[in-house]
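# from the sequence below, what's the structure:
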Amino acid sequence: MSLGRILIYIDTWANLPFIDEINYKDLFIIIPFSKRKYIYKYIDAF
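Next up, the predicted model:
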């Protein structure tokens, strides 16, 4: 992140660590697995 990278997470219903303490939506783009074909739309919206 400090090097200008955009983090992308394709949600496969995996449990993320510290979900109660970290707001992952602020840190990276979360894309539902069923919408993975439209990844470019999520990046554009970001």
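# look up how far residue 37 lies from residue 27.
As for residue 27, its distance to residue 37 is 23 Å (criterion: CB to CB, to the nearest Å). (C-beta placed from N, C-alpha, C; glycine too.)
# looking at those two, which is more packed in?
residue 27 (11 against 8; other CB atoms under 10 Å).
# look up the closest residue to that one, ignoring the ones flanking it.
Distance criterion CB to CB, 6 or more residues apart in numbering; nearest residue to residue 27, sequence neighbours excluded, is residue 7 at 6.4 Å.
# that neighbour against residue 30, yeah?
No - between residue 7 and residue 30 there is no contact under CB atoms under 8 Å: 9.5 Å.
# neighbour count: these two, which is higher?
Neighbours were tallied for residue 7 and for residue 30 using other CB under 10 Å; the higher tally belongs to residue 30 (14 against 10).
# show me what the mean pLDDT comes to for the helix or strand containing that one.
Per DSSP states H and E, residue 30 falls inside strand 29-32. The predicted model gives strand 29-32 an average pLDDT of 92.
# show me what secondary structure element comes after that strand.
Note on strand 29-32: by DSSP H and E, the next helix or strand toward the C-terminus is helix 39-45.
# would you mark the buried spots in that next one?
Burial within helix 39-45, assessed by neighbour count using 16 or more other CB atoms under 10 Å, is assigned to residue 42.
# so what secondary structure elements neighbour that helix?
strand 8-11, strand 29-32 (3 or more CB pairs under 8 Å, 6 or more residues apart in numbering; DSSP states H and E).
# again, only this time at 6 Å
strand 29-32 (3 or more CB pairs under 6 Å, 6 or more residues apart in numbering; DSSP states H and E).
# partner strands of the strand it packs on, with direction?
Within its sheet, and counting by DSSP bridges, strand 29-32 is paired with strand 8-11 (parallel).
# so after the partner strand, what's the next helix or strand?
Next along from strand 8-11, by DSSP H and E: helix 24-27.
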